[in-house]
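Asker: sequence first, predicted coordinates after that:
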Amino acid sequence: MGSIVAGITEKAAFFLYNLCWGLIIPALRLNSRLADGFDQRLLKQEIRGPADIWIQAASAGESYLAWSILKTLTPSKPVRIVITTNTLQGMEILEKAVADTASNTRGITAETAYFPFDRPSIMKKAVQLFHPKVMILLETEIWPGHLSALKKSGCKICIINGRLTEKYVKRYLVWPSLVHSLRPDKILAVSDDDAERFGKIFGDDCVSVMPNIKFDRLADSGKTNEPENSISKIIPENAPFLVLGSVRQEEEDDIEKIIPDLLYRHPETIIGLFPRHMHRVQAWKKTFDHLQIPWTLRSKTESPVPKGSVLLWDTFGELSMAYHQATAVFVGGSLAPLGGQNFLEPLICGVIPVIGPFWESFSWVGQEIVNQGLVRVVHDWKSAANTLSEGIKQPHDHEKVRKTALDYINARQGGTAKACELIEEYLKQMVGTAHPTGS
């Protein structure tokens, strides 16, 4: 009797969920972030089907993971893959990934589309259109309309590179019976903690741990395709070069204290400041004028920069080269509660980065990287300045740091291969599942 009542209740919940989507979709049309592919999200623009594998990559980070899977997958028979995303940036990455895969000899045909809105009536049509044998959800993509339609179709559902915060666990457990009815066939989580959190929702028996696919993408990220590092032409050979990378607006007050402090201690130093968002360049001009610190725009610089000055980056594409040239590095987004920016890039370039206490977005890298001294975590601007000063006085050997960093990364690789092994295993299990005629 209880299961019948629960079934009726869940049916009513999906009815209301479908109704709510119908009410909010007209308003979503006004959202500039959803404007790209809006008709495709409603299935009003044609999307080709069917597909053996459907991969959902929510945004840019997950799209890179999908690219890694495309490059590694070796199916026993030709397969068609559709990869969806929610954002324009994700779509741009996926289109490059598909173009990169186009000449493959592994029998893979891949296409891209925007992820449909999760209105149950729309998702039912989407699943009927794609009729996937295997659904791959990258990191955390738990949409009730989507999962319900997939479960009814008999598709195998996998969460790969799974990550889940405790905050979301509490949300999902508001209705545990509903969530459990939508549980994936397999979840590969990137840490024991993530696996435990997924287990609380879906049960431990469908969850295991895998290496993070992001480690597979890191080995070559410290290399530059430039025949010569153009930064070396504008930084005098005997001048220390401090890079403040990906600085966010919320931590600018702290950076304003760090810069004069270090220029006072090390007057021969050149500081390269890379604002995370280019519109902050104008504010930094005013700040340096107020502090009476000499500065130069990167776009106006062709000859060596004077020592004891700031080189303010107002151009794109040179942060990696600056890291290669740097004596010491601070990576922003970390002195304010913003989750942190990519500190692995300077590390692979051979410089031990200094970061603030807020680096949750990169916690997947592991606390061991701090314990091994490959990243220096500080708690405020003063300790950041002191640590950077140490790095300027006693620079690390770039090649030694780079080798140690790659050893750390290489020991944690293999996630892509494990994910592809699971996908190929499910494809073989589903070999007898035919696509409906006329799809």
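Answerer: Now that the structure is in, tell me what you want to look at.
Asker: and the helix or strand harbouring residue 399, average pLDDT?
Answerer: Counting by DSSP states H and E, the element that carries residue 399 is helix 398-410. Averaged over helix 398-410, pLDDT sits at 95.
Asker: mind listing the strands for the protein?
Answerer: 53-56, 79-85, 108-114, 134-138, 156-162, 186-189, 207-209, 241-247, 270-275, 295-297, 310-312, 328-331, 353-355, 376-377 (DSSP state E).
Asker: residues touching the third one, excluding its own?
Answerer: Residues outside strand 108-114 that contact it (Cβ atoms under 8 Å, 6 or more residues apart in numbering): 36-37, 40-41, 47-48, 51, 70, 73, 75, 78-86, 91, 94-95, 97-98, 101. Placement of C-beta: from N, CA and C, glycine included.
Asker: would you mind listing the buried residues in that strand?
Answerer: When neighbours are counted by 16 or more other Cβ atoms under 10 Å, the buried residues of strand 108-114 are found to be 108, 110, 111, 112, 113, 114.
Asker: which of these sit farthest apart?
Answerer: Farthest pair in those (Cβ to Cβ) is 108 and 114. Separation: 20.9 Å.
Asker: for the top helix by length along the chain, which helices and strands make contact with it?
Answerer: Ranked by residue count under DSSP state H, the longest helix found in the chain is helix 2-28. For helix 2-28, the packing partners by 3 or more Cβ pairs under 8 Å, 6 or more residues apart in numbering; DSSP states H and E come out as helix 120-130, helix 144-153, helix 176-181.
Asker: worst average pLDDT in those?
Answerer: Least confident of the helices and strands packed on helix 2-28, judged by mean pLDDT, is helix 176-181 with a mean of 85.
Asker: so how far is that one off the chain centroid?
Answerer: The chain centroid and the centroid of helix 176-181 are separated by 28 Å, computed with Cα atoms, centre = their mean, to the nearest Å.
Asker: quick revisit: among the strands of the chain, which is the most enclosed?
Answerer: Greatest average neighbour count among these goes to strand 328-331 (a mean of 30), per mean count of other Cβ atoms under 10 Å.
Asker: contacts for stretch 419-428?
Answerer: Contacts of stretch 419-428 with the rest of the structure, by Cβ under 8 Å, 6+ apart, involve 52-53, 69, 72-77, 79, 133-134, 136, 156, 158, 160-161, 185-186, 188, 210, 213.
Asker: chain neighbours aside, what residue packs nearest to residue 115?
Answerer: residue 84 (4.1 Å; Cβ to Cβ, 6 or more residues apart in numbering).
Asker: and residue 297, how far is that from residue 93?
Answerer: 30 Å (Cβ to Cβ, to the nearest Å).
Asker: how about residue 166?
Answerer: Taken as Cβ to Cβ, the span from residue 166 to residue 93 is 29 Å.
Asker: neighbour count for these two, which is higher?
Answerer: Comparing residue 166 with residue 93 by other Cβ atoms under 10 Å, the one with more neighbours is residue 93, at 23 against 10.
Asker: contacting residues for the more buried one?
Answerer: 60, 63, 64, 67.
Asker: how near is it to residue 83?
Answerer: Applying Cβ to Cβ to residue 93 and residue 83 gives a distance of 10 Å.
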